[in-house]
Every structure is written in structure tokens, then in C-alpha cells.
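Student: Sequence first, then the predicted structure:
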Amino acid sequence: MKIVVECSCQVPYEFEIEPVDGKMPGSVFCPTCGADGTEYANSVIQETLAAQPEAKHKIGLRRPIKDEPIADTSQPSGTADDGAPGLPKFCFIHKDQPVEAFCLTCKKPICLKCMKQTGYFCSIYCRSRAEQNGMDIPEYAGQERVVRAREYKRVTQVGTALLLALLALFIAYEWYEVSGQKPKLKFSMTATGGDHLQRAQFVSDHELLLVGADKVSVYDFQKDQPVWSKSLASYRQAPTATAPAEQPGDAAKPATPDAAATQKLAEQMADTEDYFTPNTTVRVVGDGVWVTLGRNIVCVDRATGAEKTKVQVDGRIQEMTFGDNAMIVVSSKGVYDRIFTRIELPSGAQQTEQRSVPEPPRRAATFDPDAPESSDPYVLEEQREFVAAGATVAELDVKLVEKKIVTVDTMKPVQQDKKDFDNLQVTQSREYAEDVMNESRRMKGGAIARVDQSRYAVTIQRVFSKDVAPWTDEVTGPPVLFALKTVDVLVAGNVMYVLDKNDQKMWQSTLSYPIAVQFRSQRNSWEGAARESAAAPCIERGDTLYFFDQGVLTAFDTKSGTARWRMPSVGISKIQFDDKGMLYVTTTSAGPESIQYSEQVNLADKVEPIILKVDPSNGKILWRVEKLGDECYLSGKYVYFTKTRAPSGLMALTSHGSAPTTFRLYRFSSRNGQQVWEYDREGHPTSLDFHDNAILFQFPDKVEVLKFLAL
């Protein structure tokens, strides 16, 4: 029998043998590479004998003809009968690997290792022959080339998707930077007819509380429809003449004609006080909207507008303060009577106390134009003030002990030699202008100021706590009382006193400077309009009391008075906290010298507004913004600055009509203090309100709501 063996080295060789029991009588090796071809020869002998069992003569095996179809033996060996005699059990190339299939070209048994390299072929040579014969070659999924191609395709798809995603993010970011983050007008409403809008504010992210002269309503500006509306006409009380209550000593006639005239005026004002009812005031507390109208207070549900509580008090309502379980209503009757009504919540039980303030002494009026104008501060011999906070009212009684007015310099002494300006140079123009303006102020008496350093006896007591002993002491300088949540702060001159709500002094501290003038002004002027909550140079948060005078902000331990840190800054006007507990300070770039020499003109050091973000734990300044913002507003995680610019003198002269005021709104990053956007418009709104990324502008005749995309 003639046998032709194709070695794995691609070199065929042949020989003639006589099979013994269907197998090679011995071993055979490739004459070129020496590879063992016995197994392959045995498979050829068995295949030939199975095809021609009757043949008795010698059989010669040949290579298949080019155009002869090749039988598909790609099925795994596991599908055949493992016990069939003569079939190979191991791979032709990898002797220790079981047979998985047969080469589609040469029919050699192959294993998974072979198939990972060349698919359903034992070698590249066999694969090339099959491609040349035009065979439809099946693809083996586990072949390394196929696996790599599949992985490459998957990586390419993922990379393409990532690239497209990055491109989309870049486009979205550019759109956000250019347009998306800028505020846009989302809602506008104009008051119609005589419905004058007194107040507008947010009550939710999509609802506005609108207060008119005789109507209060909640409006959904996203749906552009009212949620509810309630008329206030029925709550207004028509003025009625009432007989004055009898007081001890009423039977006695006034001692002087002036006293009689004063008493008559007070009675007339008490009878007609409802004619002078101030504008409707509104407070939103929890789920209730509290509205004051003359002598009436009505609380309506914020969601539905249904009436929840109605209270009537004596006198014109001036102020409401709310505590945890009670509220205080301050009203005035006549000129000098104050009525305090404590209302328990939610029961509505009332407790009323009446106090009076002393009549100020009459000041002689002069009409002589040549009479010198007095620069001395007005010193009251007796003063009484009531400060409501939460559910308590503190009564501050002040009596003059010793009057003392001192003179202080408000300008530097003249040091400039006038001869220096005989040959005026260009570089001396600023100094010369300063000298002229300072000299003009000195001639008008601006070089000195008269300061009240009188001694006063001070008594503080609680209106609704008769069992609490009052606190009494003597102070230097006119005292001012500020009521906080758990403590009260009394400031007189350069000393501050901290008292608890039982009128017990906890501690006192000496200040670096007096408090600013706007905090020393009279806070008891309730006659003309409703009193607004007075601003205070202090704020209480946690166990820390933050207090600022004209030049230093200090963080005190509320209980002990220990100063935890101090931050020098001249011109602080406001401190506030954001939703994360960070401290924001509205101040100026002025130096300490400007406190002592407040009238001195210095053109080189222009005072600019500054906004600071401060770590309240240690007083460290985290960032600062100069010149851009006059006011700072916080809402959620957003920080807003506002700045109003009046038209310059040249613009006002050249404009045909009235030159408009420019209002500018900024948004800054709370993280690093970088400007995010700015928004300009003509005309200053009468009030502003913020609710996260929504902004409310109120004008006399309309309201506008702006929103921007929040990320």
C-alpha cells in the first residue's frame, strides 16, 4: 500500500507498506524535520480501508484534486462515537491535547490550541489552500484573531461613544457659560387699575405672595394663575369715636394750657387713628400668613387662604415678633401710650400690658438766621424704649445722671506749608485739591465734633415677667439695647453688656470703637409708620455671639464672654450666615484713621465696598470681593451682590430727560468668590427677594421673576 504523508512542516513524503491489522507495522518520521508521522499514516490507512473494504491489492493514497470537494469534518470529536476503532484521540501537533476537530484541508486531528491560532485548520498553509479553492470557511469564535478583532471593535465603539459624550458635554458647557446660566425673565405681572402693589415675596419655588391695599393673594407664576385670593376690606375697621378711658387723675384739670392742648391733641389722634392706618404689613411664619390692618390681625393658611386666626388689639399695630410658642404685638394709642399684647400659639390666649413713654421736653425754637447753630448732641433727661424680640418685651428706662459733652478732633491738624503750593507742580494737584477741601470744611466747623459722654442710670425689666427682678446700672454714653434670641445686648459708649432673658448680667466687654451711627439712631419712632425690625451690630448663632463696632468684628463665647477671635475691618454694616454656616461680612476698604478723622478729605484712599466670606470658627478670610457689591444676599447655596449706579453729573446734564439709574445684579461662587454672571437693567427695584435660583424684582407697578439654570 502506497502512503502519502503531509508533514506539519508542509513537506509531503510517501512510501509503500503492508498494513498490519490496519496500522503501520512500525514508526515513520519526516525526512525533512524528523517529525513523527505514524499517527497520521495510521489514520490514512484506516480511512482507506474503510472506504474500500474489499480491496486486496496495494492501495496508494493521494492528495485530493484541486476541484474535488472536501468533506466537512469540522464537527468536534466529542460528537462521534468515542469508542469507534481507528479514530485518533489526540491532536496531531499537540500530543497531550484531545482532538476537538479535523483540519478542513488535510483532515489532520486538531485541538483547541490549534483552533485558537488558525481556526478550523491545522496550519496557515492549509487555510491558504482552502481560500485558494474558494471554500466557504466558517469562523471560529475562539480564534485569537477573531477575539482581538471583536475586542478592537468594542474598544472602538466605546471610544467613539466617549468622544461623542465629551463633545456633547463641551457643547453643553459652552452653552451654559454663554446663555444657560444667565438669568432670564420667566414671569411679569403689571398692577391694573388702582390695585397698588405694596409687597411681593416668594413663598415657594413657584409661588408669590402679593399684598395690595385691600387684597392678599398667592400666585403660581409657573402656571400663570392665582392659587387663592382674599379680600381684606372686611377686616378694616371704620373709625368710630370712642370715649377715652378714665385714668387716675382724669378728674383733675391740666395744670397749664400747654398740657391741656397736648391732652386734647392726644385724644383727637386716638379717635381718628384709623384714618392714618399705615400700609398693610405681612409676615410669613411657618404655614401661616399674618396680616396686620389697623387694629386687626388675621392669619390665613398659606396653602389655601382660609382664615385660621383673627385678633383685634387696642391701638394701631406697629410690630409683630414671633417666639417658639407665642407672639408679641406692639401697638400705639395716641402719642405716648404703648400697648403690648402677648398671644399664645396656637390657642390664641391673650395677655395685655400698657406702658407710656415720657413726653420729651419742649425745645425753644429760634428764627434768628444769624444765631449760631449748636453742634451739641441732643441729650434727653429721661427716655423709655421698648424692644420686642420673640415672645418677650424688654423695657429700657434711661435717666440722665450727669451731663457731659466732650470735643474731639475729626480732622488732622494743618501741617501743609502753604508756600509749597506757590510753584504748583502737576504732581501736587491732588494734595492741593485736598488742602482746599479740608480748609473749606474747617471754616464751616467740620474739624471738631461734640460727643455725648454723659452718665446715665439704666434699668432693664421685662414687661410680661413681673416676678423677674430688673437690672440696674450706670453707664457712660447714650445706651442702646439689642434683643437677640437668648440674650440681650446693651451698648453704651465703648462698653457692651450682655444680659440673659431674666435680666441677669452675664458679662461685659470693652469695645475697640463705638458702634456705627446707624445703630445708635433713635429706634422708637413709631408715630408715622409701622416700625421695621431694627438692624443690629450683633448676631447670635449657636454658642457664639458675633459683634462688630466701627472697626473690629469679634466672636464672643455667649456664656463666658471670652473672645474667640477678632477681625479688624472698618465700615462693617451687615453680617449674615449661609445655609452651610459660613459667615459673610459687608464692609469697606476704609482704614482705622478714617474713624478718628471722619471729616478728613483724602482723595488717594477712595473707600470701596468689600464683601468677605469668613470661617466663623477661626475668623479666617476665605475670599474677598472688592468694588463690585454694595449689598450681599444669600439664598440656599447661591450668593448675590447688588450695586446701584446713579448717573454721573455729565450724563445728567447731557440727557434730554431724567437720566436712568443703573441697577446691577451679580452672582458669585460661594466656593471661591469668582463672578459667575452679571445682570444689568435700568431702574432700581423697590425691593428684592430670592429663592435659590429664582429672583424677584418688585417695582411700584409690576413684579418680575427671573430664573437661571441651576447645576
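Tutor: Noted; the coordinates are in hand. These numbers were taken from a predicted model, which means no experiment stands behind them. Numbering: from 1, shown residues only.

Student: quick one: average pLDDT of stretch 149-166?
Tutor: Averaging pLDDT along stretch 149-166 gives 93.

Student: Oh, that last question was meant for stretch 6-16, not what I typed.
Tutor: Stretch 6-16 comes out with an average pLDDT of 74.

Student: which residues in the stretch 51-200 of the chain form helices?
Tutor: Along the stretch 51-200 of the chain, the segments classed as helices by DSSP state H, counting those that start in this stretch run 112-118, 124-132, 144-175.

Student: Need the ones you listed in a markdown table (columns: distance to residue 209 and mean neighbour count).
Tutor: Yep, even glycine has a C-beta here, placed from its N, CA and C like the rest. Below are those laid out as a markdown table (distance: least, Cβ to Cβ, whole Å; neighbours: other Cβ atoms under 10 Å):
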| stretch | distance to residue 209 | mean neighbour count |
| --- | --- | --- |
| helix 112-118 | 75 | 18 |
| helix 124-132 | 83 | 16 |
| helix 144-175 | 34 | 11 |
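
Student: Turn those into CSV, including distance to residue 27.
Tutor: Compiled in CSV, the helices of the stretch 51-200 of the chain are given as follows (distance: least, Cβ to Cβ, whole Å):
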stretch, distance to residue 27
helix 112-118, 23
helix 124-132, 24
helix 144-175, 33
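
Student: what ranges do the helices span in the stretch 201-350 of the chain?
Tutor: Using DSSP H, counting those that start in this stretch, helices in the stretch 201-350 of the chain cover 257-271.

Student: Now do the helices in the stretch 451-600 of the chain.
Tutor: Applying DSSP H, counting those that start in this stretch to the stretch 451-600 of the chain gives helices spanning 517-520, 593-596.

Student: Quick one: name whatever helix or strand follows the last one.
Tutor: Taking DSSP states H and E as the definition, the helix or strand that follows helix 593-596 towards the C-terminus is strand 609-614.

Student: can you tell me the average pLDDT over that next one?
Tutor: Mean predicted lDDT for strand 609-614 stands at 96.

Student: what residues does the very next helix or strand once past that strand touch?
Tutor: Following strand 609-614 in sequence order, the next helix or strand is strand 621-626 (DSSP H and E). Strand 621-626 is contacted by residues 567, 582, 589, 608-615, 641, 668, 672-673, 675 when judged by Cβ atoms under 8 Å, 6 or more residues apart in numbering.

Student: ok, those residues vs residue 121, which is closest?
Tutor: The closest of the contacts of strand 621-626 to residue 121 turns out to be residue 672 (Cβ to Cβ; 65.4 Å).

Student: For beta bridges, what are the partners of the residue lying closest to the closest one once chain neighbours are set aside?
Tutor: Excluding the flanking residues, the one nearest residue 672 by Cβ to Cβ, 6 or more residues apart in numbering is residue 623, at 6.1 Å. Beta bridges link residue 623 to residue 613 when assigned by DSSP bridges.

Student: what's around residue 623, how many residues?
Tutor: Using other Cβ atoms under 10 Å, residue 623 is surrounded by 15 other residues.

Student: any idea how far it is from residue 693?
Tutor: Going from residue 623 to residue 693 by Cβ to Cβ, to the nearest Å gives 21 Å.

Student: can you check residue 229 too?
Tutor: Computed as Cβ to Cβ, the residue 229 to residue 693 distance reads 27 Å.

Student: likewise residue 404?
Tutor: On the measure of Cβ to Cβ, residue 404 and residue 693 end up 55 Å apart.

Student: ok, now residue 222?
Tutor: In this view, residue 222 and residue 693 are 13 Å apart by Cβ to Cβ.

Student: Comparing those two, which residue is more hemmed in?
Tutor: Neighbour totals were compared for residue 222 and residue 693, and residue 693 leads with 19 against 12 (other Cβ under 10 Å).

Student: just to revisit the earlier point, wait, which of the contacts of strand 621-626 is closest to residue 554?
Tutor: Ranked by distance to residue 554 (Cβ to Cβ), the contacts of strand 621-626 are led by residue 567 at 7.8 Å.

Student: residue contacts, the closest one?
Tutor: Here residue 567 is in contact with 552-554, 585, 614, 619, 621 (Cβ under 8 Å, 6+ apart).

Student: Just list whatever residues bridge to it.
Tutor: Judged by DSSP bridges, the bridge partners of residue 567 are residue 553.

Student: returning to that earlier point: which stretch among the helices of the stretch 51-200 of the chain comes nearest residue 87?
Tutor: Residue 87 lies closest, by Cβ to Cβ, to one member of the helices of the stretch 51-200 of the chain: helix 112-118, at 17.1 Å.

Student: could you give the mean pLDDT of the closest one?
Tutor: Average pLDDT, helix 112-118: 90.

Student: before we move on, what about stretch 281-290?
Tutor: For stretch 281-290, mean pLDDT rounds to 87.

Student: Quick check: buried residues in it?
Tutor: For stretch 281-290, the neighbour count (16 or more other Cβ atoms under 10 Å) marks 281-282, 288-290 as buried.

Student: farthest-separated two in the contacts of residue 567?
Tutor: Taking Cβ to Cβ as the measure, the contacts of residue 567 span a maximum distance of 15.0 Å, between 554 and 621.
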